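Asker: My questions are about this predicted structure, shown below with the sequence.
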Amino acid sequence: MAKGKDARVIVLLECTNCARKGFNKKKLTGILRYITQRNRHNTPDRLELKKFCPYCHKHTIHGEIKK
């Protein structure tokens with residue numbers, strides 16, 4: 001019997017520097033977003049990881065966004 005809410009959920013990560021600068025997402029068609037999973041029970045807060053951003057050309061903090 002499977003429970004209604006699974007522990008593992010798929011999340012999208014987006015660069016926080018680019019989001020703060022206010023790049024127009026409609027103008028930039030290929031905004032890179034990382035896809036990963038997190039355990040809902042072990043990590044109840046939003047996930048933040050350091051990843052490479054091709055628009056900033058450096059490693060920046062990528063935060064979890066809504067689908």
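Answerer: Thanks, I have the structure now.
Asker: which residues sit in contact with Asp6?
Answerer: Counting by CB atoms under 8 Å, 6 or more residues apart in numbering, Asp6 touches Arg40. Bear in mind the C-beta positions are built from the backbone N, C-alpha and C, glycine included.
Asker: Quick one: classify it as helix, strand or coil.
Answerer: Following DSSP: H, G, I helix; E, B strand; the rest coil, Asp6 is assigned to coil.
Asker: Would you check how far apart Glu64 and His57 are?
Answerer: Counting by CB to CB, to the nearest Å, the gap from Glu64 to His57 is 23 Å.
Asker: right, I mislabeled it, should have said Leu12
Answerer: 21 Å.
Asker: more neighbours, the two?
Answerer: Legend: neighbour count by other CB atoms under 10 Å for Leu12 and His57, higher for Leu12 (15 against 8).
Asker: so where does the more buried one fall, helix or strand?
Answerer: Per DSSP states H and E: Leu12 is located in strand 8-15.
Asker: Could you list the residues in contact with that strand?
Answerer: Contacts with strand 8-15, where a contact means CB under 8 Å, 6+ apart, come from 31-40, 47, 49, 51, 53, 55-56, 60-67.
Asker: Let me see the contact set for Asn17.
Answerer: Contacts of Asn17 by CB under 8 Å, 6+ apart are Cys53, Cys56, Thr60, Ile61.
Asker: hang on, the earlier thing: for PyMOL, what selects the buried ones among the contacts of strand 8-15?
Answerer: Those of the contacts of strand 8-15 that count as buried under 16 or more other CB atoms under 10 Å are selected in PyMOL with:
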select buried, resi 31+38+51+53+60+62+63+64
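Asker: hmm, back to that, which parts of the strand holding Leu12 are buried?
Answerer: Neighbour-count burial for strand 8-15 [16+ other CB under 10 Å]: Val11, Leu13, Glu14, Cys15.
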